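Novice: dropping the sequence and predicted coords here.
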Amino acid sequence: MAYFNTTIKDLISERIGRNTFLPAIQREYVWNPAQVEKLFDSIMCGYPISSFLFWKIREEKKKDWTSYEFIKDFDQEKPHNKEANLDGVNQDIYLVLDGQQRITSINIALRGSYRFCYRKWRTTRLYLNLLWDKGDDNPEEMTYQFLFKEDETPLQRTDYPQLWYRVGDILNYDDAEDAKDSIENQLNAFDEEAKKKARKMISKLFSVVNVSQNINYYEEKSDDYDKVLEIFIRTNTGGQKLEYSDILLSTATAKWRNLNAREEINEFTDEINKIGTGYNFGKDFVMKGAMYLTENLPIQYKLSSFTKKNLECIEDHWDETKDAIANSIKLVSRYGFTDKNLVARLVLLPVAQYLRGKNKGYLTSSNLKDVEDQNNIQKWIIMMLLKGVLGSATDNKLNSMRPVVKLATDYFPYVELCRELKIEMTFNDMEIENMLNYSYGTKYSYLILSLLYPGRDWKDKKYNEDHIYPQNEFKIKNLRAKGYDDATIEKYQACYNSILNLELLDDSENKSKNAKPFDSWLKDRDANFKERHHIPEMNDYSLDYFLDFIKKRKALLTKQIKEFILQ
């Protein structure tokens, strides 16, 4: 390999977007603003930022490979790279095999912006405080103060001098003196020492960006894609962690014959994340699903699994795989499984495998057999999630479930799956005790409450976790105002926020209840309300009898949960 060096300015201004692009095997940009700030601190300090590896492709072969543009304006909502148009590129091109994250960060910092959400959506650019003095108090701090900001306005509530300079402006000058002259008007408000510091900082920035040849890179000229893919995998095992799903995606991009794996998988991941109230599935889930749902393929992420034959097999079944995964998510979304409470995503894969064999009308079917079947899927998922079955040895468990689901055609085999996984189809006393202690709004609370409503019509209906006795009544000051002693207050506080004082109400019920005391609100409920929500029979439902209510309701809930799977 040949070895070269160049300046940051030449790399960004003369190469990126002109003759240097990204190969399709590259993963997407994943750095956060703090990482970019730290990179520029290292550059200003003169620290090495490691070498880069470019793949040189002759002009006549440039269209043999799909290439992508470097991101200039990064948007967390739309993070995907655009495919490069090489029609006007009449020269050899270079594809970056190693260094994409660093080069993209430099490109964003000098030529573009970074849009992210912190309390609100912000479009920011990289700035440098020309008056920063690190001091010696904290050697862990960065030497220079780089920061992504919306503009040059000084930060509030700080006790140090500030003069923020947009880092990308340094590209506008061919001479350090011109760069220093550009800030003279802004220096009028500062003393001579501050002016000297700012000019020195500008000069330093100009030097590291425009003069120093601190970009070192190697060139690989091979036309052998398999060799290049091997180099890519080897060189990307350090730095930002390269997941096996990244390797599989890169390899699929190289091996698929008709489809662009990168675009297909990114677009599909975006698509399923828009289902229902929204999810946050990653390509790791999609790639694992593709391996699981492609018959006779190994599920484990091993390089030896990513053969040409296996990857082509995934491509051949890709449309079928997409439909199955999407349908599984649509189904569970309609049952109230959200991004928050779907705590083990891989539980969907056996469901997707089963749905692959169902007709298109199954999800919306009102046929009694189909409705019961889908209720059993719901029960099985709840059971799997609450028991934490997929918490370890996941691949082995998925492997064992595959043949069980394959044999099932008329019904979802939740009994057989439980037997195969050696899990009890009910909850023991200790499990139930732990479940009833879960608090309002936690990742398991909705799942646990779902156990209490086996006959409910869940599809496309929104249910809210609600405190039976309103939580406002349990504020310490309110309890003391009612005359309760400290011992009673402690007991009330210990259980008011637990499952024992929670129910699931639909939107209209929840809004009508608001913060009404339970005893007065209960008077207006229908005759079946108590039975539906497992409310114990009591002569008095005022707050004075709250602990009696908790004791009696615990017995009802324990009985219901024990009977859940057997119904």
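Specialist: Yep, it's here.
Novice: alpha carbons only for contacts and neighbour counts from here, please
Specialist: Noted.
Novice: part of a strand, is residue 562?
Specialist: No. Residue 562 is assigned helix when assessed by DSSP: H, G, I helix; E, B strand; the rest coil, not a strand.
Novice: what residues are up against the spatially most central residue of the chain?
Specialist: In the chain, the residue lying closest to the centroid (CA atoms, centre = their mean) is residue 280, at 4.8 Å. Contacts for residue 280 (CA atoms under 8 Å, 6 or more residues apart in numbering) come out as 273, 339.
Novice: now do the SS call for it.
Specialist: coil.
Novice: and the gap between residue 173 and residue 116?
Specialist: 29 Å (CA to CA, to the nearest Å).
Novice: of the two, which one has the most company?
Specialist: The residue with more neighbours, out of residue 173 and residue 116, is residue 116; 17 against 14, by other CA atoms under 10 Å.
Novice: is that one in contact with residue 148, as I believe?
Specialist: No. In this structure residue 116 lies outside contact range of residue 148 using CA atoms under 8 Å: 10.3 Å.
Novice: now find how far off-centre the longest strand anywhere in the chain is within its chain.
Specialist: Longest strand of the chain, by residue count under DSSP state E: strand 120-129. Mean C-alpha position of strand 120-129 versus that of the full chain (CA atoms, centre = their mean, to the nearest Å) differs by 22 Å.
Novice: please apply the same query to stretch 155-166.
Specialist: With CA atoms, centre = their mean as the basis, the mean position of stretch 155-166 lies at 33 Å from the chain mean.
Novice: which residues are contacting that stretch?
Specialist: Stretch 155-166 is contacted by residues 125-132, 152-154 when judged by CA under 8 Å, 6+ apart.
Novice: out of these, grab the one that's most surrounded.
Specialist: Each of those was scored by neighbours using other CA under 10 Å; the highest score is residue 126's, at 28 neighbours.
Novice: for that residue, list each beta-bridge partner.
Specialist: According to DSSP bridges, the residues that bridge with residue 126 are residue 148.
Novice: so what's it up against?
Specialist: Contacts of residue 126 by CA under 8 Å, 6+ apart are 37, 109-110, 113, 146-149, 166-168.
Novice: try residue 410
Specialist: Listed by CA under 8 Å, 6+ apart, the contact set of residue 410 is empty.
Novice: how far away is it from residue 248?
Specialist: Residue 410 is 34 Å from residue 248, by CA to CA.
Novice: how far off centre is the biggest helix by length in the chain?
Specialist: Looking across the chain with DSSP state H, the single longest helix is helix 368-387. Helix 368-387 sits 26 Å away from the centroid of its parent chain (CA atoms, centre = their mean).
Novice: list the helices and strands that helix packs on?
Specialist: Applying 3 or more CA pairs under 8 Å, 6 or more residues apart in numbering; DSSP states H and E, one finds that helix 368-387 contacts helix 414-421, helix 445-450.
Novice: can you point out the buried residues in the helix or strand just after that helix?
Specialist: Under the assignment DSSP states H and E, the closest C-terminal helix or strand after helix 368-387 is helix 394-407. By neighbour count with 16 or more other CA atoms under 10 Å, helix 394-407 contains the buried residues 395, 398, 401-402, 404-405.
Novice: quick check, nearest of those to residue 254?
Specialist: Ranked by distance to residue 254 (CA to CA), these are led by residue 395 at 25.4 Å.
Novice: the closest one touches residue 299, doesn't it?
Specialist: Yes. Assessed by CA under 8 Å, residue 395 is found in contact with residue 299 at 6.4 Å.
Novice: from the contacts of residue 126, which ones fall inside strands?
Specialist: Reading strands off the contacts of residue 126 with DSSP E, I get 113, 146-149, 166.
Novice: element containing residue 465, please.
Specialist: Assigned by DSSP H and E, residue 465 falls in strand 463-467.
Novice: so which elements touch that strand?
Specialist: Strand 463-467 sits against strand 502-506, helix 507-513, with contacts defined as 3+ CA pairs under 8 Å, 6+ apart.
Novice: switch to 10 Å and redo it
Specialist: Strand 463-467 sits against helix 445-450, strand 502-506, helix 507-513, with contacts defined as 3 or more CA pairs under 10 Å, 6 or more residues apart in numbering; DSSP states H and E.
Novice: now do the helix or strand containing residue 329 against helix 368-387, angle only.
Specialist: Counting by DSSP H and E, the secondary-structure element that holds residue 329 is helix 318-334. Counting by axes from the mean of the first three to the mean of the last three CA atoms, to 10 degrees, helix 318-334 lies at 80 degrees to helix 368-387.
Novice: show me what counts as buried in stretch 289-303.
Specialist: Applying 16+ other CA under 10 Å to stretch 289-303 flags 289-294, 297-301 as buried.
Novice: same check on stretch 87-106?
Specialist: With burial defined by 16+ other CA under 10 Å, the residues of stretch 87-106 counted as buried are 93-106.
Novice: can you give me the strands for this protein?
Specialist: 2-6, 20-23, 52-57, 67-68, 73-75, 93-98, 113-118, 120-129, 146-149, 164-166, 215-220, 463-467, 502-506.
Novice: now those strands as TSV including distance to residue 388 and mean pLDDT?
Specialist: Below are these laid out as TSV (distance: least, CA to CA, whole Å; pLDDT from 0 to 100):
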stretch	distance to residue 388	mean pLDDT
strand 2-6	52	86
strand 20-23	40	92
strand 52-57	43	90
strand 67-68	41	88
strand 73-75	35	96
strand 93-98	39	90
strand 113-118	32	93
strand 120-129	35	96
strand 146-149	41	96
strand 164-166	50	97
strand 215-220	47	90
strand 463-467	22	91
strand 502-506	22	91
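Novice: turn those strands into JSON lines, columns for distance to residue 493.
Specialist: Below are those laid out as JSON lines (distance: least, CA to CA, whole Å):
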{"stretch": "strand 2-6", "distance to residue 493": "66"}
{"stretch": "strand 20-23", "distance to residue 493": "57"}
{"stretch": "strand 52-57", "distance to residue 493": "59"}
{"stretch": "strand 67-68", "distance to residue 493": "57"}
{"stretch": "strand 73-75", "distance to residue 493": "44"}
{"stretch": "strand 93-98", "distance to residue 493": "56"}
{"stretch": "strand 113-118", "distance to residue 493": "33"}
{"stretch": "strand 120-129", "distance to residue 493": "34"}
{"stretch": "strand 146-149", "distance to residue 493": "44"}
{"stretch": "strand 164-166", "distance to residue 493": "50"}
{"stretch": "strand 215-220", "distance to residue 493": "61"}
{"stretch": "strand 463-467", "distance to residue 493": "13"}
{"stretch": "strand 502-506", "distance to residue 493": "14"}
